[in-house]
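[1] Sequence plus predicted model, see below.
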Amino acid sequence: MESKMITKRIFLTISVIMFLVLFLFQFTGIVRRKYNDYESNSYKEATATSLTKSDEFQVLTNKTDVILSTNKYIVYIGDISDRYGNTVYQWCRLSKKNLMVYSDITQYHVSGWNRPEMVIVDSNYMDYDTQMDTLEEISDMGVNVTLCTLPEYDITRKNKRLMEYCGISNWARKITASGIRVFEDFLLGGEIWFTPENDPEGMYNNLNPVVPWYTTTTGTKTYMAAELSDEYENIDNEDQPSLIWRKRCKDSYVFCINGDFISDISGIGILSAILYESKDYDIYPVVDAQTFVVANFPYFSSENDNAIQKFYGKNTSGFTENVVWPDLSNLSTKLQTKMTFMAAPQLNYSDRKLPSVNELDYFFRLIREQRGEVGLTSSKARTDILIDKLEADKGFYRNYVGGYDFLSIRLKKDELKGMKNINNDILKDVKTYVTGSDEYVGSNLFSYYDDDKLLIESPVSAEKYNFSEDFKLRCINTALAYTNIDMDVWDIYFPTDEENLWNKYIKNVSSSVENLLKGSKNLTQCTVSELDKRVRELLSLNYSYRMDNSSLVVDIDGNQEISRFLYRSHKDEIESVVGGTFTRVEDGAYIITATEKRIEINFK
């Protein structure tokens, strides 16, 4: 076959096209580098705020002050210093309610003109043999009651009056549930069954409450029920043990919680859902944020190169650049989330191996392009001293990214107290302290560490999906339109066996986070500094609301410029918001962003 020669014209055309493609690639890279000001923190100006602890809403507990206040309020029969009382207090603090506390229900008398939204009763502070008259009188006066704990089984079954009040028809001794069912229109995220059928391999199911087997009468509504194990056969759904239910009285509701469900932060979501179920609609302040924290990444040191080479076949630099970063970048894109990276220049400060400057430049550019943020970490070898570690980090960062203002630092809880005594320039712009999910005890989510610095506690780990973590996050999301998940890659850089390697780790994290976030939709993606500002705005605001003809008018107080609310309704759909915007979360639930101090919500 006769070969054809390429003409000069074709050759020239091909050459020009190749040159243009090369130029465009090179030019794009040059532009990205030129305008990627990675040595500055783009979030510093955007998240600047003057809000401090002095601006925070204060829960009134003095009885006269509570009655005279325009804020709605809760009455709690119990002790706010124990775990149940702490949950009630945190819920009131975040939802802007005042709180009356009594250790004896007979001390409380319903006000004739300013009644509470709800009376919450810890049964440990009740004598149901002598105090049923008082409890029934409160309900008869049209006040909703929630029994956040139930009395012991023997007390309940012997008290027919209490059983009738709660709507209990039958009972049996305690059983260990094989799982729980959460029904529709209670927690945000919809109906979900944390049951063995949804975990056939038994990897995740750790929601197995030990509770009395109560079934409820007609006229009650069940929101959560226990799943029985296979040893109980031919049990109808309505005969499954009830965990949270509502009984209607003449002009009020009685809600019963059978189990230890409000002993930790999950309780704020349960109480929010219960209050919503007691009326046609509810509106309350929220954060509206989804945050993802990656601790100890990027890692800039080669101090454990031998182990990295052994297990991954690459040096630390190659492993970090070519394996870890692409997976994290893909995860961020897949989840459509912004990541905050608590970077680790090194983890052992006594080995005299300095961190890599080239790695710092490379990753700060990439993180900026991903709309991420870099924070500090206190991570170090046990023998290192925090003051010395931060001094070494200051020298490293200031020499090479001297204009980058770090706004957050991840700390161990036992390091928080000592931060008051550390005077280091690298901390001058830090306004947020973050603690890891491995230390979360379930009593709080955020609070002021001092007048200026905010403490944010990460409640859920990306590394260990299970049903209780999923349930906890759904409850937090219901109360605050908020999720905060963290992961710590420390162990990945110090592998000891094949079970502790990155490929298994990231596969588990990806699956875990996808499952955790199924219950939260349409939240705003935030870095830690963006979250900090939103939390301060939440803590600052106060509000009241009223129906005006067919519109809901919300009056907002506080020094914050922007306020956010969750509106939930059993029947109405929002058409417009004057003075703000709205986003539909799911059927009957909307996030409202208020840019004015008065907003008007109009319905279809």
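    Received it, and whenever you're ready, just let me know what you need.

[2] can you give me the helices in the stretch 451-600 of the chain?
    467-480, 502-516, 528-540 (DSSP state H, counting those that start in this stretch).

[3] Find the residue at the geometric middle of this structure.
    For the chain, the residue sitting closest to the mean C-alpha position, by CA atoms, centre = their mean, is residue 483 at 3.1 Å.

[4] quick one, what contacts that residue?
    289, 290, 291, 460, 473, 476, 477, 516, 517, 520, 523 (CB atoms under 8 Å, 6 or more residues apart in numbering). Backbone N, C-alpha and C define where each C-beta goes, glycine included.

[5] Kindly recompute the last result at 10 Å.
    287, 289-292, 337, 459-460, 473-474, 476-477, 513, 516-517, 519-520, 523 (CB atoms under 10 Å, 6 or more residues apart in numbering).

[6] do the same with residue 332
    292, 294, 338, 339, 370, 371, 372, 525.

[7] quick one: which of the residues you listed is most hemmed in?
    Most neighbours among the contacts of residue 332, by other CB atoms under 10 Å: residue 292, with 27 neighbours.

[8] Please list all residues in contact with that residue.
    Going by CB under 10 Å, 6+ apart, residue 292 touches 328, 331-332, 335, 337-341, 372, 458, 462, 483-487, 513, 517, 525-528.

[9] Could you say which helix or strand holds it?
    Secondary structure from DSSP states H and E places residue 292 in strand 289-299.

[10] For burial, what's the neighbour tally of the nearest residue to residue 359 once chain neighbours are set aside?
    Excluding the flanking residues, the one nearest residue 359 by CB to CB, 6 or more residues apart in numbering is residue 300, at 4.7 Å. Using other CB under 10 Å, residue 300 has 23 neighbouring residues.

[11] Likewise for residue 463?
    Counted with other CB under 10 Å, residue 463 comes out at 18.

[12] cool, residue 548 as well?
    Neighbour tally, residue 548, other CB under 10 Å: 9.

[13] Just the CA trace of stretch 417-428, in CSV.
    The C-alpha trace of stretch 417-428 is given here as CSV (Å, rounded to 0.1, in the frame of the first residue of the first chain):
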residue,chain,number,x,y,z
LYS,A,417,-7.0,24.7,80.8
GLY,A,418,-3.4,25.3,80.0
MET,A,419,-4.2,27.4,77.0
LYS,A,420,-4.7,30.4,79.2
ASN,A,421,-1.0,30.3,80.0
ILE,A,422,0.4,30.1,76.5
ASN,A,423,1.4,33.3,74.8
ASN,A,424,2.4,32.5,71.2
ASP,A,425,1.9,34.7,68.2
ILE,A,426,0.7,31.7,66.1
LEU,A,427,-2.4,31.7,68.3
LYS,A,428,-3.2,35.5,68.0
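
[14] show me where the stretch 501-604 of the chain has strands.
    Remark: strands assigned in the stretch 501-604 of the chain by DSSP state E, counting those that start in this stretch are 525-526, 542-548, 551-557, 563-569, 574-578, 580-586, 589-594, 598-603.

[15] Redo those as TSV? Include distance to residue 376 and mean pLDDT.
    As requested, the strands of the stretch 501-604 of the chain are exported to TSV (distance: least, CB to CB, whole Å; pLDDT from 0 to 100):
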stretch	distance to residue 376	mean pLDDT
strand 525-526	18	98
strand 542-548	33	96
strand 551-557	34	98
strand 563-569	28	98
strand 574-578	39	97
strand 580-586	33	97
strand 589-594	30	98
strand 598-603	38	98
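
[16] Now do the contacts for the closest residue in space to residue 289 that isn't next to it in sequence.
    Spatial nearest neighbour of residue 289, excluding adjacent residues (CB to CB, 6+ apart): residue 526 at 4.3 Å. By CB under 10 Å, 6+ apart, the contact list for residue 526 reads 43, 47, 287-292, 337-338, 340, 373, 482, 484, 532-535.

[17] how much space between residue 560 and residue 593?
    According to CB to CB, to the nearest Å, residue 560 and residue 593 sit 12 Å apart.

[18] ok, those two, which is more surrounded?
    Shown here are residue 560 and residue 593; by other CB under 10 Å, residue 560 has more neighbours (24 against 17).
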